[in-house]
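Q: 3D model of this:
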Amino acid sequence: MLRTMNGVTARNLPPSAFAPVMATGIVSQGLAVVGARRLSEALLTVAVVLYSGLLAGLVWRVLRYPGEVAADLRNPGRLFGFFTFVAGSDVLAVRLAPGPERAAASALPALAVPVAVLLLGCGALMARRLGAGGMVRRADGTWFLCVVGIQSAVLATAALAPGRARPAEALGWVAGVLLYTAVATVVACRLVRFGIRPRELSPPYWITMGACAISLLAGARLVHQGLDTPHLRAVIRVVLIALWGWATCLLPPLLAAGVWRHLLHRVPLGYEPSWWTIVFPTGMYAVSTAALGEAEGVHRLVLLGHLTVWVALGAWLLVAAGLVRARWQHRPPRANSSQKPGQEM
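A: Numbering: from 1, shown residues only. Have a look, this model is predicted:
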């Protein structure tokens, strides 16, 4: 992946290339929560190295091939992948904020937020161009990355300014929750109307759960910072519990989908770059569950979150091992024949 520093490979850098940074950053954060400091710092180092190489490749591609980048921004199958840059930057900012690297952490949202605004504008233009019917036909799990991008910005802002929650952060969180509902409706309509084939049910559909979990985490952090006013306390509590319940309810069908895809329909089970989109939601579910447990004073939720951190670490190790094995064998990672370019991670 660090070979994206080279101009030739940077030209082919997929928009969603920052998914490993998202996954590594949130697992590092989860390990910090459970007190595994050395493991957390090791993964943080990996995330920073990955981010640096990918950022250099992305900047090169934007400067050298602006036409191709513009085409990606108009492509519904690739546009939402760029939100991995936003989320990767913000997740790293949250992880770095409590330490001595706070100044560097502050620079990351400064890069990510303008990109998020640009991408949301491109998304609005895309929706207008496609119309309702076109959106339903083209929607897939990667579209939830726009929610992840918004809520990650809320988290980064809250982490870097840990005083009382500001109205802009609250509005961003509410906008993210509403956008999640809208995207979920479009994706559900697509599944009901057009169905889905085994090879199309790719790992990025796990972002459905990840976007819900990061919305829960952002809300819990804002409550901790004073968003929980007397007039809003009951409403916010219901929303947070509903988000956790929905994220939890999504786990069985997502796991069952993997069984249906690989065991029943025998889609080959091998390393795909999009496997990182399973690691990130798992890590985010762990951290958000622990945060909700702390906010509500429910020790069992805190324990569940801490246990899930180790599950997320196991998933990270499996995917990382698959990546190393694929590189060692000097062959490109296996991808779905129907996988869209924007899902390459």
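
Q: what comes into contact with stretch 77-84?
A: 14-19, 21-22, 72-73, 115-116, 119, 122-123, 126, 138, 140, 142-146, 148-149, 340-345 (CB atoms under 8 Å, 6 or more residues apart in numbering). For every residue, glycine as well, the C-beta is placed using N, CA and C.

Q: where does pLDDT dip in the stretch 51-200 of the chain?
A: 163-165 (pLDDT under 70).

Q: chain center to the helix or strand hosting residue 318: distance?
A: Take DSSP states H and E as the rule and residue 318 turns out to sit in helix 299-328. Offset of helix 299-328 from its chain centre (CA atoms, centre = their mean, to the nearest Å): 15 Å.

Q: and what of stretch 170-185?
A: 15 Å.

Q: which residues in the stretch 1-150 of the chain form helices?
A: Secondary structure of the stretch 1-150 of the chain (DSSP state H, counting those that start in this stretch): helices at 7-11, 19-33, 37-64, 66-74, 83-96, 102-138, 145-160.

Q: what sits against residue 216?
A: 240, 243-244, 247, 288, 291-292.

Q: which two in the residues you listed are spaced the farthest apart?
A: Based on CB to CB, the longest span within the contacts of residue 216 runs between 247 and 291 and measures 12.4 Å.

Q: go ahead and flag the most central residue of the protein.
A: residue 148 (5.2 Å; CA atoms, centre = their mean).

Q: enumerate every residue touching that residue.
A: By CB under 8 Å, 6+ apart, the neighbours of residue 148 are 22, 83, 87, 207, 210-211, 214.

Q: and what of residue 205?
A: Counting by CB under 8 Å, 6+ apart, residue 205 has contacts 140-141, 254, 257.

Q: repeat that with 6 Å
A: residue 141 (CB atoms under 6 Å, 6 or more residues apart in numbering).

Q: assign residue 267 to helix, strand or coil.
A: coil (DSSP: H, G, I helix; E, B strand; the rest coil).

Q: picking that back up, redo the contacts of residue 216 as TSV? Include neighbour count.
A: Shown next, in TSV, are the contacts of residue 216 (neighbours: other CB atoms under 10 Å):
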residue	neighbour count
240	24
243	24
244	24
247	24
288	30
291	25
292	26
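
Q: just those: which are in helices?
A: Among those, the ones falling in helices (DSSP state H) are 240, 243-244, 247, 288, 291-292.

Q: let me know the closest of those residues to residue 201.
A: residue 247 (18.8 Å).

Q: isn't that closest one right up against residue 215?
A: No - the pair residue 247 / residue 215 is not scored as a contact, 8.7 Å apart, by CB atoms under 6 Å.

Q: out of the helices of the stretch 1-150 of the chain, flag the one nearest residue 195.
A: helix 102-138 (12.0 Å).

Q: for residue 237, see how far away residue 297 is.
A: Residue 297 is 12 Å from residue 237, where distance means CB to CB, to the nearest Å.

Q: neighbour count for those two, which is higher?
A: residue 237 (16 against 8; other CB atoms under 10 Å).

Q: residue 35 versus the spatially closest residue to residue 30 that is not a sequence neighbour, what's the distance?
A: Leaving aside its sequence neighbours, residue 30 sits nearest to residue 309 (CB to CB, 6 or more residues apart in numbering; 3.9 Å). Per CB to CB, residue 309 is found 10 Å from residue 35.

Q: with neighbour numbers in mind, choose between those two.
A: Shown here are residue 309 and residue 35; by other CB under 10 Å, residue 309 has more neighbours (28 against 9).
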